[in-house]
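Asker: only the shape, not the letters, is given here:
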Ligand code: FAD
């Protein structure tokens with residue numbers, strides 16, 4: 001049976017919950033459909049030692065401050081999962097789990113949401129499916145012939161699985177630096193950290209709070225009608241580096257365990273080969289090479305896209321006035337892929353949807 005609601009939110013991670021909070025405040029009738037079986041979105045699947053790069057009070061969704069975690073300034077992923085589970089319960093958000101949305105199509109004046117457990121016919125859809133389910137692996141020659149283990153960030157848990165092995169960690173972002181540090185500090189794993197360009201550590205006293213301030217400055221610049229140049233007026237801290245020096249990264253760097261090698265040019269059966277012919281044998285390669293937005297359920301709408309992003313103005317899809325996209329990255333609002341940053345675009349989306357529903 002097809003169910004009618006004002007809004008279907010696809011995805012019950014932090015972005016979907018922030019959307020739910022604001023949809024409730026706008027008095028709209030909605031459901032949140034989530035493919036997962038438990039609360040917490042991608043935070044359930046992060047590696048064991050991961051900690052946020054900001055303190056709890058700077059990692060909160062709208063309406064409810066994240067409580068501090070006992071014994072530390074930066075909460076771990078389990079603490080975030082507990083916070084999201086509590087958030088969902090506290091605001092009585094209607095999350096229907098174990099429901100994967102397979103396709104969204106146009107159906108007269110409404111959209112049709114087809115999931116593996118049923119069909120919904122909302123006026124508006126908010127897509128908040130994140131990026132975790134679409135790990136990006138680069139097209140490096142020979143990747144298919146390597147006989148060792150290959151993992152992506154999404155598959156890494158802890159150093160225990162690599163004791164006595166040589167592991168090559170690829171990627172100069174936060175995930176690459178943190179996973180290389182995690183392995184190196186264990187003391188039982190030989191690590192080679194490989195980055196496309198020399199790693200750029202942020203100054204030690206800068207954490208996620210400063211990155212959020214940058215996003216806020218960018219938002220103000222955009223609101224004031226200034227162009228998004230990424231120059232120092234809107235991107236000051238980001239221009240200083242990419243990697244937040246969280247405590248394990250600092251410890252590994254200070255112990256000289258975090259020196260980066262340049263990117264290799266190909267992979268062979270047993271290892272990797274650099275441009276000058278130098279090679280290194282390896283037991284495993286961990287690709288910390290980023291993500292793409294999980295948008296395959298939107299394919300039937302045939303929306304214009306560039307570099308895998310659907311064209312948006314704010315959160316609204318330019319070519320479909322009944323579709324909002326929330327959370328995926330800065331292209332759906334500055335810092336919208338962070339805990340503290342998703343609140344504002346979620347509020348704006350809910351307001352626009354309420355206005356649309358009031359008109360129709
Ligand atoms: P997700 O958490 O991925 O949730 C998406 C949900 O949608 C999932 O529950 C999934 O099951 C569901 N879903 C997907 N497809 C479908 C479908 N077709 N149908 C139904 N459901 C579907 N941010 C910070 O603020 N601070 C940090 O310190 C920080 N550290 C990070 C460290 C790492 C390693 C990474 C990868 C990210 C980090 N982030 C951090 C960024 C950000 O907060 C996360 O990426 C965040 O989890 C994104 O939330 P989301 O709700 O958009 O997506």
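Answerer: Done, it's in. Keep in mind that this is a model prediction, so the values were computed, not measured. Numbers count the residues shown, from 1 in each chain.
Asker: got the residues of the stretch 101-250 of the chain near the ligand?
Answerer: Within reach of the ligand by CB under 6 Å from any ligand atom, the stretch 101-250 of the chain has these residues: 101, 128-130, 132-133, 175, 208. No exception for glycine: its C-beta is placed from N, CA and C like everyone else's.
Asker: most neighbours out of those, which is it?
Answerer: Using other CB atoms under 10 Å as the neighbour criterion, residue 128 leads those with 32 neighbours.
Asker: where along the stretch 101-250 of the chain do the strands fall?
Answerer: Assigned by DSSP state E, counting those that start in this stretch, the strands in the stretch 101-250 of the chain fall at 101-107, 110-115, 118-120, 124-127, 149-152, 166-170, 190-195.
Asker: now render those as CSV, adding mean pLDDT.
Answerer: Converted to CSV, those look like this (pLDDT from 0 to 100):
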stretch, mean pLDDT
strand 101-107, 98
strand 110-115, 98
strand 118-120, 98
strand 124-127, 98
strand 149-152, 97
strand 166-170, 98
strand 190-195, 98
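Asker: and these, which is most packed in?
Answerer: Greatest average neighbour count among those goes to strand 124-127 (a mean of 28), per mean count of other CB atoms under 10 Å.
Asker: counting by contacts, list what that strand packs against.
Answerer: strand 7-10, helix 14-25, strand 110-115, strand 323-325, helix 343-359 (3 or more CB pairs under 8 Å, 6 or more residues apart in numbering; DSSP states H and E).
Asker: direction included, what does that strand pair against?
Answerer: Strand pairing for strand 124-127, using DSSP bridges, gives strand 7-10 (parallel), strand 323-325 (parallel).
Asker: output the lowest mean pLDDT helix or strand found in this protein.
Answerer: Using mean pLDDT, DSSP states H and E, the weakest-scoring helix or strand in the chain turns out to be helix 232-235, at a mean of 37.
Asker: quick revisit: nearest to the ligand, of the strands paired with strand 124-127?
Answerer: strand 7-10 (5.1 Å; CB to the nearest ligand atom).
Asker: the closest one vs the ligand: in contact?
Answerer: Yes - using CB under 6 Å from any ligand atom, strand 7-10 reaches the ligand at residue 10.
Asker: give me the distance from that strand to the chain's centre.
Answerer: How far strand 7-10 lies from its chain's middle: 19 Å, per CA atoms, centre = their mean, to the nearest Å.
Asker: who's in contact with the helix or strand where residue 272 lies?
Answerer: In this structure, residue 272 sits in strand 271-273 according to DSSP states H and E. With contacts defined as CB atoms under 8 Å, 6 or more residues apart in numbering, strand 271-273 is touched by 146, 148, 168, 194, 264-267, 279-282, 285.
Asker: could you list the domains of this structure?
Answerer: For the chain, automatic domain parsing gives the domain ranges 2-133+291-359, 143-201+242-287.
Asker: residue 213: which of the ones you listed is closest?
Answerer: With respect to residue 213, and counting by CB to CB, the nearest of these is domain 2-133+291-359 at 9.7 Å.
Asker: interface residues of the stretch 251-360 of the chain facing the ligand?
Answerer: So the stretch 251-360 of the chain meets the ligand at 294, 297, 327, 337-340 (CB under 6 Å from any ligand atom).
Asker: format these as JSON lines; extra columns: neighbour count.
Answerer: Output for these, formatted as JSON lines (neighbours: other CB atoms under 10 Å):
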{"residue": "294", "neighbour count": "19"}
{"residue": "297", "neighbour count": "21"}
{"residue": "327", "neighbour count": "29"}
{"residue": "337", "neighbour count": "22"}
{"residue": "338", "neighbour count": "22"}
{"residue": "339", "neighbour count": "25"}
{"residue": "340", "neighbour count": "22"}
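Asker: sort out for me which of those are in strands.
Answerer: Secondary structure defined by DSSP state E assigns none of those to strands.
Asker: in a markdown table: the residues you listed, plus pLDDT.
Answerer: Formatted as a markdown table, those follow (pLDDT from 0 to 100):
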| residue | pLDDT |
| --- | --- |
| 294 | 97 |
| 297 | 98 |
| 327 | 97 |
| 337 | 94 |
| 338 | 93 |
| 339 | 95 |
| 340 | 94 |
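Asker: what's the farthest-apart pair in those?
Answerer: Applying CB to CB across these, the maximum distance is between 297 and 340, 27.0 Å.
Asker: please name the nearest non-neighbouring residue to residue 245.
Answerer: Of all residues not flanking residue 245 in the chain, residue 204 sits nearest, at 4.8 Å (CB to CB, 6 or more residues apart in numbering).
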